[in-house]
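Q: Quick one, structure for this:
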Amino acid sequence: MTAVPLSRQPSSSPDRASPERTGAAADITPVFALKELVARLNREQRKIQDLLSSLGFALRSFNNLNQFLELIPLMASRVTDCDGGALFLFKPNGQVRLERLHCQDTQWGQDLRKAMELVTRQLSASLAPTATNGSLAVSPGTISALDHQLSHQLGEEVQLFGTAILVKNTERGRLYVFSRDPQYTWTETRQKLVRLVADQTAVAIENDELTVELRKKERLDRELEIGAEIQLRLLPRQCPKIHGVELAACCKTANRVGGDYYDFIPASYDQLRSKKDGSSEMGRWSIVIGDVMGKGVPAGLIMTMTRGMLRAEVLNAHSPARILQHLNRVMYADLENSNRFVTLFYSEYDPTTQTLSYSNAAHNPPLLWQAASQTIKRLDTPGMLVGLDADTQYQDAQVQLHSGDILIYYTDGFTDAANQNGERFDEENFTQAFEWACQQKKGPQEILDYLFGQVQAFIGASNRNLDDMTLIVMQVQPQ
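A: Alright, predicted model coming up:
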């Protein structure tokens with residue numbers, strides 16, 4: 001009889017894994033790998049965010065452009081995990097310059113610097129800058145040559161990427177990043193990161209240039225303030241006290257420095273030194289008003305020159321016409337080259353006779369309101385602008401003033417003042433306003449304030465006149 005062997009039961013030994021347990025372990029391994037990949041990507045993302053935040057902080061904080069540019073190749077290589085970066089800037093004089101270089105390998109970095117500086121010297125020697133929006137721009141051919149030569153110097157085994165640094169749509173430089181890793185690829189994300197760093201660089205360059213321009217403007221503003229202060233000091237600080245006459249005067253410039261001029265000049269400066277008690281002066285006085293064609297600093301300089309020459313000429317005690325003739329001949333050469341001319345009304349008042357002698361060089365004729373007849377007379381003589389013709393002849397005239405008469409000197413800023421519709425205040429309206437003021441107002445200061453107020457109301461309370469306005473009001477007091 002033969003025995004049949006029993007079937008062997010599966011072993012329950014713990015050192016053997018069942019098929020079910022082996023499959024579970026295989027499933028867990030990819031999960032761990034995926035988590036590790038996600039964690040690594042998050043770390044990389046946080047690192048990039050921290051680097052870009054640091055770059056933004058530097059952009060806001062650094063006042064020195066060179067300090068900020070030091071960071072650019074380093075930051076560009078760090079955010080893209082590259083071996084290094086290089087920043088090239090294009091100068092306005094047509095030169096290409098290696099501004100900054102960063103390389104993790106010091107020895108390789110020294111070799112790269114020599115090679116890149118050689119490339120910049122070769123390009124700068126052959127560079128032909130072109131004008132773009134008033135500034136110099138590097139031609140596309142030069143940029144292409146820079147890309148090609150750098151790629152050649154680095155070699156085919158180096159992965160190179162470059163992007164433009166654009167300031168106001170003008171390429172002002174190039175930012176390059178390179179890697180020697182043969183597996184390295186320039187993904188779209190990495191390219192965007194390099195462009196982002198390049199954009200930050202462009203902002204820093206533009207901010208630095210705006211700062212320089214702002215400082216220049218501040219210096220110019222300060223110089224204008226000094227010029228305006230000097231000009232203000234050259235104008236009479238107060239009206240003189242002339243026997244039998246009351247005066248009021250005011251000059252309002254459209255800009256900080258203006259071209260209007262008025263002055264009160266004594267016939268002899270000894271009479272000023274002899275008067276210490278503040279009483280009225282019995283000597284003759286010159287009353288003059290002028291206007292330089294144009295506005296701003298050039299007109300202010302010519303006005304200052306006119307004042308000095310006229311004051312020197314008055315001391316010669318010539319007639320008004322002769323004084324204008326001499327002034328015109330002296331100033332002709334300077335004014336001819338500047339293409340600017342001066343209108344001038346010169347008068348002399350004698351308190352003892354109440355006589356006004358005058359001559360006009362194409363200035364707005366002063367208006368004389370005669371109290372006895374309640375009429376207005378224009379004081380004018382033939383004569384051309386100062387500086388227009390060296391041989392111009394001027395003529396003398398006189399008028400007898402009487403008690404209550406009011407004389408007004410003015411510049412064309414009053415008659416040329418325009419409102420929002422383009423309508424001018426013109427001489428007719430100015431004459432009517434002056435006539436009404438003479439009848440209704442008391443004293444030269446009230447008349448002066450009224451006329452300035454009328455012009456301001458005409459052009460609009462919130463608007464500013466575009467031309468200088470100067471006014472002198474003289475009233476003969478009752479005996």
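Q: Which stretches in the stretch 151-300 of the chain count as strands?
A: Under the criterion DSSP state E, counting those that start in this stretch, strands of the stretch 151-300 of the chain are mapped to 159-167, 170-179, 245-252, 260-266, 285-292.
Q: for residue 306, what are its contacts?
A: If you count contacts by CB atoms under 8 Å, 6 or more residues apart in numbering, residue 306 has them with 261, 290, 292, 327, 331, 342, 344, 386. Every residue, glycine included, has its C-beta placed from N, CA and C.
Q: Is the first one in contact with residue 303, as I believe?
A: Yes - look at residue 261 against residue 303 with CB atoms under 8 Å: they come within range, at 4.6 Å.
Q: So for residue 205, what's the nearest residue that isn't a sequence neighbour?
A: Take residue 205 and drop its neighbours on the chain: the residue closest to it by CB to CB, 6 or more residues apart in numbering is residue 167, 5.5 Å away.
Q: same question but for residue 446, I mixed them up
A: Residue 446 sits nearest to residue 437 (CB to CB, 6+ apart), 7.5 Å away.
Q: Now do the same contact list for that neighbour.
A: 446, 447, 450, 451.
Q: Looking at those, which two lie furthest apart in space?
A: 446 and 451 (9.9 Å; CB to CB).
Q: So between those two, which is more surrounded?
A: residue 451 (23 against 14; other CB atoms under 10 Å).
Q: Which strand or helix spans the more buried one?
A: Here residue 451 sits within helix 444-459, counting by DSSP states H and E.
Q: Next secondary structure after that helix?
A: That would be, after helix 444-459 and using DSSP H and E, strand 469-476.
Q: Sheet partners, orientation included, of that next one?
A: In the sheet, strand 469-476 lines up against strand 245-252 (antiparallel), strand 406-410 (antiparallel) (DSSP bridges).
Q: tilt between that strand and strand 285-292?
A: For strand 469-476 against strand 285-292, the angle by axes from the mean of the first three to the mean of the last three CA atoms, to 10 degrees is 160 degrees.
Q: Output the one helix or strand residue 348 maps to as CSV, restricted to C-alpha atoms.
A: Secondary structure assigned from DSSP H and E places residue 348 in strand 342-350. C-alpha atoms of strand 342-350 as CSV (Å, rounded to 0.1, in the frame of the first residue of the first chain):
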residue,chain,number,x,y,z
VAL,A,342,14.5,147.7,-25.5
THR,A,343,11.6,150.1,-25.4
LEU,A,344,12.2,153.0,-23.0
PHE,A,345,10.4,156.2,-21.9
TYR,A,346,12.7,158.6,-20.2
SER,A,347,11.5,161.8,-18.4
GLU,A,348,12.8,164.4,-16.0
TYR,A,349,10.7,166.3,-13.5
ASP,A,350,11.6,169.7,-12.1
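Q: Please name every helix or strand in contact with that strand.
A: Under the contact definition 3 or more CB pairs under 8 Å, 6 or more residues apart in numbering; DSSP states H and E, strand 342-350 sits against strand 285-292, helix 296-314, helix 320-338, strand 355-361.
Q: again, 7 Å this time
A: Counting contacts by 3 or more CB pairs under 7 Å, 6 or more residues apart in numbering; DSSP states H and E, strand 342-350 packs against strand 285-292, helix 320-338, strand 355-361.
Q: So which elements touch the shortest one?
A: Other helices and strands packing on strand 355-361, by 3+ CB pairs under 7 Å, 6+ apart, are helix 320-338, strand 342-350, strand 397-400.
Q: and with 10 Å instead?
A: Packing contacts for strand 355-361, counted by 3 or more CB pairs under 10 Å, 6 or more residues apart in numbering; DSSP states H and E, involve strand 285-292, helix 320-338, strand 342-350, strand 397-400.
Q: What residues sit buried inside the second one?
A: If you call a residue buried by 16 or more other CB atoms under 10 Å, then helix 320-338 has these buried ones: 320-321, 323-328, 330-332, 335, 338.
Q: ok, back up a step: possible to save the contacts of residue 306 as CSV with distance to residue 414 and pLDDT?
A: What follows is the contacts of residue 306, written out as CSV (distance: CB to CB, whole Å; pLDDT from 0 to 100):
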residue, distance to residue 414, pLDDT
261, 15, 88
290, 15, 91
292, 16, 86
327, 24, 91
331, 25, 87
342, 18, 90
344, 17, 94
386, 21, 90
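Q: center of this protein - which residue?
A: residue 217 (4.9 Å; CA atoms, centre = their mean).
Q: Quick check: that residue vs residue 294, distance?
A: Separation of residue 217 from residue 294 (CB to CB, to the nearest Å) stands at 22 Å.
Q: give me the number of residues near residue 267?
A: Count around residue 267 with other CB under 10 Å applied: 17.
Q: Surely it touches residue 318?
A: No - contact criterion CB atoms under 10 Å: residue 267 and residue 318 do not qualify, at 11.3 Å.
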